Each structure stands twice: as structure tokens, then as C-alpha cells.
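> coords please:
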Amino acid sequence: MNRPIRVLVAKCGLDGHDRGAKIIATSLRDAGMEVIYTGLRQTPEMIVNTALQEDVDAIGVSILSGAHMTVFPKIMNLMKEKHLDDVLLTGGGIIPEEDMKQLNDIGVGKLFPPGTTTTDIVEYITNWTKANRDF
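Numbers count the residues shown, from 1 in each chain. Okay, the predicted model is just below:
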């Protein structure tokens, strides 16, 4: 790789709990990735536009509000509209297993429940990027 992996870490909607997102952002940075953190209360449009402007390899959405079945499909649709077909959309939070499967079926990458190690997340993003991005 000629440059660090670039990851956008985002919080969408009215969910005001960002401690987990900040921990993930720090872990990704400590693993040598370049991390852009959007802060709280972002819309799907704001997230996708930032991803496009920052030329990221992956978007990680932290969601604890229960809006995952609305937020992830909206972000996926916007990514397709903006031709971000080679960017990973992943995330984590309070997402039931059945919903994770449905989201994976529409193209969302692996989703991480509470208790996942930061090492697992770093490895997943690193391996996905090496297999799917060309830089």
C-alpha cells in the first residue's frame, strides 16, 4: 500500500453516545490508519459527502439508537448514487443478529456487536481494504 488506509468514523441521527466510536477511531489510528471522525448528529447525506470528499476506503457507522435498518440502507443507496462502490460500509452497535444478516444481504460489510475486540475490527478493515481497494 502506498498510503495509510483512510476510514471515516461516523455517528448518525440523534444518537448522542460516541464513546465507542471514539475508542474505535483511536484504535484504528493506533493501527496506522488515517481516521476522519464526523462527530455527532450526522445525516446519511453528510456522511457520504464527507466520505467522497475525503477519499476514504471505509466508512464505519456507530449506531446505538435502533435506527440501523433505516440508516445503513440510506447510506448504501447514497454510496451507490455517488459511485462509491469500492468503499466498505461497516459499523457496529446494538444491532440484532437477524438485522445484521439483512444488512449484509444488501451490501453492508461485517457489523460488530458490543464486546468485539478492536483488534478484530482493525483486522477486518485491513483485510477488506487489501482485497478490494487498489492504491
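
> Just list the residues touching Leu64, thanks.
Residues in contact with Leu64, defined by C-beta atoms under 8 Å, 6 or more residues apart in numbering, are Asp15, His17, Gly20, Gly93, Ile94. The way it works is simple: take the backbone N, C-alpha and C, and place the C-beta from them, glycine included.

> Can you flag which of those belong to strands?
Secondary structure assignment by DSSP state E places Gly93 of the contacts of Leu64 in strands.

> quick check, nearest of the contacts of Leu64 to Val35?
Val35 lies nearest to Gly20 out of the contacts of Leu64, by C-beta to C-beta, at 14.0 Å.

> what's the distance between that closest one and Lys74?
21 Å (C-beta to C-beta, to the nearest Å).

> cool, and Ile63?
Here the distance between Ile63 and Lys74 works out to 12 Å (C-beta to C-beta).

> swap in Met33?
Spatial separation of Met33 from Lys74 under the definition C-beta to C-beta is 25 Å.
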